[in-house]
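Chemist: Build me a model:
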Amino acid sequence: MMYGAETWAIKKTEEKKMDVAEMRMLRWMRRVTRRDKIQENRLRWYGHVMRRDDQYIGKRVMEMEVRGARRIGRQKQMDCIKDDLRSKGLNGDEVWDRGRWRKLTRNIDPT
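Modeler: Here you go, the predicted structure:
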């Protein structure tokens, strides 16, 4: 896309648009979506919380079960994480080896 355009005088906004287009093409070629990045961030957060001690409030709340029917709306964070773990073929025990967890949960980034 940039071949032969190195000498063009362009504005910052046009340069930004070209950078955005280039990243979209790279993601498209590698079949990486923005949802993959969201999934990676969710699993990274989950690993961080699970490695904390048992008294950590976030871990206690995450493991809490609430009875009753859920109102219609956005899916709860834990349901999303369970789906993410299932799609990656993980069971959550891998979280203790931080380097391995990072490799297992990482989606390929085009940058």
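Chemist: and for stretch 59-68, what are the contacting residues?
Modeler: Stretch 59-68 is contacted from outside by 49, 50, 52, 53, 54, 77, 78, using Cβ atoms under 8 Å, 6 or more residues apart in numbering. In short, each C-beta sits where N, CA and C put it, glycine included.
Chemist: ok, which pair from the residues you listed is furthest apart?
Modeler: Farthest apart among these by Cβ to Cβ are 53 and 77. That separation is 20.2 Å.
Chemist: Helices of the chain, residue ranges please.
Modeler: Using DSSP state H, the helices of the chain run over residues 12-30, 34-51, 57-62, 77-88, 98-105.
Chemist: can you pull the alpha-carbon coordinates of the lowest-mean-pLDDT helix or strand in the chain into CSV?
Modeler: Taking mean pLDDT, DSSP states H and E as the measure, the helix or strand of the chain with the lowest value is helix 57-62, at a mean of 84. What follows is helix 57-62, C-alpha atoms only, in CSV (Å, rounded to 0.1, in the frame of the first residue of the first chain):
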residue,chain,number,x,y,z
ILE,A,57,-11.8,-10.0,47.4
GLY,A,58,-11.9,-10.4,43.6
LYS,A,59,-11.2,-14.1,43.8
ARG,A,60,-13.9,-14.6,46.5
VAL,A,61,-16.5,-12.7,44.5
MET,A,62,-15.5,-14.5,41.3
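Chemist: how distant is that helix from the center of its chain?
Modeler: Distance, stretch centre to chain centre, for helix 57-62: 20 Å (Cα atoms, centre = their mean, to the nearest Å).
Chemist: buried residues in it?
Modeler: Within helix 57-62, no residue is scored as buried using 16 or more other Cβ atoms under 10 Å.
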